[in-house]
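J.: Show me how the following folds:
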Amino acid sequence: MIVSPCISICKTDPKTGYCYGCGRTKDEKKIWKLEETNDQWKIENIEVIKRRLTGWQLESFQESYTYKIKNGISLFKKNLNNE
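T.: Numbers count the residues shown, from 1 in each chain. Next comes the predicted model:
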(Lines give C-alpha, C1' and ligand atoms only; values in the text may rest on other atoms or scores of the structure.)
Protein backbone atom coordinates (compact mmCIF):
# COMPACT_ATOMS: atom_id res chain seq x y z
CA MET A 1 0.00 0.00 0.00
CA ILE A 2 1.30 3.43 -0.96
CA VAL A 3 0.67 6.08 1.68
CA SER A 4 -1.21 9.17 0.51
CA PRO A 5 1.06 12.21 0.12
CA CYS A 6 -1.44 14.36 2.04
CA ILE A 7 0.41 16.02 4.93
CA SER A 8 -2.69 17.73 6.37
CA ILE A 9 -1.93 21.18 5.02
CA CYS A 10 -4.86 21.33 2.63
CA LYS A 11 -4.94 24.72 0.99
CA THR A 12 -4.86 25.25 -2.77
CA ASP A 13 -2.78 27.92 -4.45
CA PRO A 14 -5.30 29.83 -6.59
CA LYS A 15 -2.66 30.62 -9.23
CA THR A 16 -1.27 27.12 -9.84
CA GLY A 17 -4.10 24.93 -8.56
CA TYR A 18 -1.60 22.92 -6.50
CA CYS A 19 -2.04 22.12 -2.83
CA TYR A 20 0.46 24.05 -0.69
CA GLY A 21 1.08 20.95 1.44
CA CYS A 22 1.37 18.04 -0.99
CA GLY A 23 1.57 19.71 -4.39
CA ARG A 24 -1.34 17.75 -5.88
CA THR A 25 -4.19 19.07 -8.00
CA LYS A 26 -7.82 18.52 -7.03
CA ASP A 27 -8.11 15.87 -9.75
CA GLU A 28 -5.03 14.02 -8.48
CA LYS A 29 -6.49 14.01 -4.97
CA LYS A 30 -9.67 12.44 -6.35
CA ILE A 31 -7.73 9.80 -8.31
CA TRP A 32 -5.86 8.77 -5.15
CA LYS A 33 -9.18 7.86 -3.51
CA LEU A 34 -10.44 5.63 -6.33
CA GLU A 35 -10.28 1.88 -5.67
CA GLU A 36 -9.04 1.22 -9.21
CA THR A 37 -6.02 3.54 -8.87
CA ASN A 38 -2.97 1.29 -8.88
CA ASP A 39 0.25 1.63 -6.90
CA GLN A 40 2.30 2.37 -10.03
CA TRP A 41 0.20 5.48 -10.73
CA LYS A 42 0.59 6.58 -7.10
CA ILE A 43 4.38 6.13 -7.17
CA GLU A 44 4.60 8.12 -10.41
CA ASN A 45 2.31 10.82 -9.01
CA ILE A 46 4.53 11.24 -5.95
CA GLU A 47 7.50 11.80 -8.25
CA VAL A 48 5.51 14.36 -10.28
CA ILE A 49 4.51 16.33 -7.19
CA LYS A 50 8.09 16.29 -5.87
CA ARG A 51 9.17 17.96 -9.11
CA ARG A 52 6.49 20.62 -8.62
CA LEU A 53 7.67 21.58 -5.16
CA THR A 54 10.86 23.56 -4.60
CA GLY A 55 12.95 24.95 -1.76
CA TRP A 56 11.47 24.95 1.73
CA GLN A 57 8.16 23.60 0.44
CA LEU A 58 9.83 20.46 -0.98
CA GLU A 59 11.92 20.02 2.18
CA SER A 60 8.85 20.38 4.39
CA PHE A 61 6.86 17.93 2.28
CA GLN A 62 9.61 15.32 2.27
CA GLU A 63 10.17 15.58 6.02
CA SER A 64 6.45 15.34 6.85
CA TYR A 65 5.73 12.59 4.28
CA THR A 66 8.65 10.50 5.53
CA TYR A 67 7.41 10.95 9.09
CA LYS A 68 3.87 9.97 8.02
CA ILE A 69 5.12 6.79 6.33
CA LYS A 70 7.05 5.76 9.45
CA ASN A 71 4.52 6.85 12.08
CA GLY A 72 1.12 6.86 10.39
CA ILE A 73 0.52 10.56 11.05
CA SER A 74 1.82 13.77 9.46
CA LEU A 75 4.07 16.12 11.42
CA PHE A 76 1.33 18.76 11.25
CA LYS A 77 -1.19 16.49 12.97
CA LYS A 78 1.45 15.31 15.45
CA ASN A 79 2.20 18.91 16.40
CA LEU A 80 -1.53 19.67 16.78
CA ASN A 81 -1.87 16.73 19.17
CA ASN A 82 1.07 17.97 21.24
CA GLU A 83 -0.38 21.44 21.79
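J.: these two touch, right, Arg52 and Tyr20?
T.: No - contact criterion C-beta atoms under 8 Å: Arg52 and Tyr20 do not qualify, at 11.1 Å. Any C-beta I mention is one placed from the backbone N, CA and C, and that applies to glycine too.
J.: overlap in contacts of those two?
T.: Taking C-beta atoms under 8 Å, 6 or more residues apart in numbering as the contact rule, Arg52 and Tyr20 touch no residue in common.
J.: Other residues contacting the helix or strand hosting Ser64?
T.: Using DSSP states H and E, the element containing Ser64 is helix 55-71. Around helix 55-71, the neighbours that count as contacts under C-beta under 8 Å, 6+ apart are 3, 5, 7, 20-23, 49-50, 53, 73-76, 78.
J.: likewise stretch 2-19?
T.: Applying C-beta under 8 Å, 6+ apart, the set of residues contacting stretch 2-19 is 20-26, 29, 32, 39, 42-43, 45-46, 49, 52, 60-61, 64-65, 68-69, 74-77.
J.: now those: which count as buried?
T.: Burial by neighbour count, judged by 16 or more other C-beta atoms under 10 Å, picks out 20-25, 29, 32, 42, 45-46, 49, 52, 60-61, 64-65, 68, 74-77 from the contacts of stretch 2-19.
J.: which stretches of the chain form helices?
T.: Listed in chain order, the helices of the chain (DSSP state H) span 26-33, 39-52, 55-71, 75-82.
J.: Need the pLDDT of Leu75.
T.: For Leu75, the model assigns a pLDDT of 86.
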